[in-house]
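J.: Need coordinates for the below:
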Amino acid sequence: MSKRLQVVMPEAELDEIRDAARRNRVTVSAWVRRALRDARERELRGGAVFAVREAEPRYGTAESAGLRFVDLEVRLPEHHLEAVRKRYGRTNWSAAVAEAVFRQSFIPMTKEEALAMRGVGWAGDLDEMRDGDSIELL
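T.: As a prediction, this is how the structure comes out:
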């Protein structure tokens, strides 16, 4: 059974919560529910270092193209985060971590796939070039 919760707060604080909900593309109610759940989980964990939980789109959150997202809380050294942020030219650590994970999600091309590639729009012959000096693989 659902219960209604009424919270009294200054208008400025409510505006900040509205802005946060808008940035996350959710309703204020959904944002508050998420914030309360996160606070409850942190309290129950007693400050655990690492926690993963699937995002819960039960309340009509606007997820991108039906993708499922995971909320991730992780403790990392600041200098590692800063190095990743600089490497990918991002303005904040969250964007840098998202970019690093995104780049790692692609499966690299195999040697066989690379050797099977054919050139387009030029007069060279890759097979002829490959018949010459071979490079020693490490």
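J.: Next, count neighbours for V74.
T.: 10 (other Cβ atoms under 10 Å). Quick note: C-beta positions are derived from backbone N, CA and C, even for glycine.
J.: Show the model's pLDDT score for it.
T.: The pLDDT attached to V74 in the predicted structure is 74.
J.: buried sites along stretch 94-107?
T.: Judged by neighbour count using 16 or more other Cβ atoms under 10 Å, the buried positions of stretch 94-107 are 96-97, 99-100.
J.: Rounded mean pLDDT for that stretch, please.
T.: pLDDT averaged over stretch 94-107 gives 82.
J.: Pick out the least confidently modelled helix or strand of this structure, by mean pLDDT.
T.: Scoring the helices and strands of the chain by mean pLDDT, DSSP states H and E places strand 51-54 at the bottom, with a mean of 48.
J.: what's in contact with stretch 90-97?
T.: Counting contacts by Cβ atoms under 8 Å, 6 or more residues apart in numbering, the residues outside stretch 90-97 that touch it are 81-82, 84-85, 87-88, 99.
J.: Name the member of the residues you listed with the most neighbours.
T.: Looking at the contacts of stretch 90-97 with neighbours defined as other Cβ under 10 Å, the largest count falls to R85 at 19 neighbours.
J.: What residues of stretch 29-45 count as buried?
T.: Counting neighbours by 16+ other Cβ under 10 Å, the buried set in stretch 29-45 is 30-34.
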